[in-house]
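Undergrad: Any chance you could fold what I've pasted below:
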Amino acid sequence: MMNNLFSSFDPLSNFLNLPLNWTSTILGLMMVPMCFWSIPSRTNKMYYLMTSMLYKEFKLLINNNLHLGSSFIFISLFSFIMLNNMLGLFPYIFTSSSHLTFTLTFALTMWITFMLFGWFNYTNHMFTHLVPQGTPPILMPFMVCIETISNIIRPITLSVRLAANMIAGHLLLTLLGNTGPMINSMLLINVLILSQILLLILELAVAIIQSYVFAVLTTLYSSEVN
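TA: Below is the predicted model of the structure:
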């Protein structure tokens with residue numbers, strides 16, 4: 001049963017040795033240009049308000065005056081991850097954001113970029129982050145080791161957090177859906193379908209929140225560089 005349960009998350013569908021499931025990652029990007037050809041709707045206005053709020057928040061977290069336009073990188077990251085999270089809620093669409101291949105790619109790329117930029121341009125500033133202010137001299141070697149380890153595991157925690165939260169809700173929805181044929185019709189209508197709808201609403205909120213958390217933490221990590 002466990003093999004069948006987790007097999008729904010395996011990207012095994014292929015054509016001519018090409019993994020077709022991963023095409024869902026760019027499926028949302030094909031829909032985005034259509035918004036520019038349509039009359040602005042409530043969805044467009046809601047997305048514009050959301051990105052405007054994110055821009056103001058990211059601008060406060062990072063020194064946007066020093067690196068103009070850097071906040072748009074994190075807004076694009078938030079939008080792309082949220083789009084893939086939401087696409088995974090549709091039936092028969094592969095959830096690419098529930099795999100470490102997807103999440104670790106973004107986390108490692110951003111983290112390595114920040115580290116290279118910081119160590120090449122702000123070397124002394126990066127060294128000061130290894131020893132927090134007010135640390136006793138006897139504890140400095142231990143604090144350097146702790147801060148170094150915590151810095152190295154940042155991309156791992158970022159990617160695992162996103163993948164684990166996305167796969168947990170999908171597993172719960174799959175488990176409840178598999179119980180449908182084994183219960184009577186009244187219980188199916190009153191309990192199972194209602195619980196599935198509530199879980200789907202919760203997963204929609206998780207899709208937005210986890211993309212927001214990923215973008216905000218990445219922004220905070222970048223703000224420590226300069």
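
Undergrad: quick one, helices of this protein?
TA: 2-7, 27-31, 42-61, 70-87, 100-121, 123-128, 140-152, 154-178, 185-187, 193-223 (DSSP state H).

Undergrad: and those helices as JSON lines, adding mean pLDDT, distance to Ile93 and mean neighbour count?
TA: C-beta coordinates here come from the backbone N, C-alpha and C atoms, glycine included. Below are those laid out as JSON lines (pLDDT from 0 to 100; distance: least, CB to CB, whole Å; neighbours: other CB atoms under 10 Å):
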{"stretch": "helix 2-7", "mean pLDDT": "50", "distance to Ile93": "16", "mean neighbour count": "9"}
{"stretch": "helix 27-31", "mean pLDDT": "70", "distance to Ile93": "7", "mean neighbour count": "12"}
{"stretch": "helix 42-61", "mean pLDDT": "81", "distance to Ile93": "19", "mean neighbour count": "13"}
{"stretch": "helix 70-87", "mean pLDDT": "86", "distance to Ile93": "5", "mean neighbour count": "20"}
{"stretch": "helix 100-121", "mean pLDDT": "87", "distance to Ile93": "14", "mean neighbour count": "16"}
{"stretch": "helix 123-128", "mean pLDDT": "79", "distance to Ile93": "41", "mean neighbour count": "11"}
{"stretch": "helix 140-152", "mean pLDDT": "84", "distance to Ile93": "34", "mean neighbour count": "12"}
{"stretch": "helix 154-178", "mean pLDDT": "84", "distance to Ile93": "11", "mean neighbour count": "17"}
{"stretch": "helix 185-187", "mean pLDDT": "67", "distance to Ile93": "29", "mean neighbour count": "9"}
{"stretch": "helix 193-223", "mean pLDDT": "87", "distance to Ile93": "13", "mean neighbour count": "17"}
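
Undergrad: Among these, which comes closest to Gly134?
TA: Of all the helices of the chain, helix 140-152 sits nearest to Gly134, with 10.6 Å by CB to CB.

Undergrad: that older thread, want to throw the helices of the chain into a markdown table with distance to Gly134?
TA: Shown next, in a markdown table, are the helices of the chain (distance: least, CB to CB, whole Å):
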| stretch | distance to Gly134 |
| --- | --- |
| helix 2-7 | 47 |
| helix 27-31 | 47 |
| helix 42-61 | 24 |
| helix 70-87 | 30 |
| helix 100-121 | 22 |
| helix 123-128 | 12 |
| helix 140-152 | 11 |
| helix 154-178 | 23 |
| helix 185-187 | 61 |
| helix 193-223 | 21 |
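
Undergrad: Now do the residue nearest to Phe102 when sequence neighbours are not counted, the pLDDT please.
TA: Of all residues not flanking Phe102 in the chain, Ser96 sits nearest, at 4.6 Å (CB to CB, 6 or more residues apart in numbering). Confidence at Ser96, expressed as pLDDT, is 83.

Undergrad: So what's the residue count around Ser96?
TA: 23 (other CB atoms under 10 Å).

Undergrad: So it sits against Ser24, correct?
TA: Yes: at 5.8 Å, Ser96 and Ser24 qualify as touching, with contact defined as CB atoms under 8 Å.
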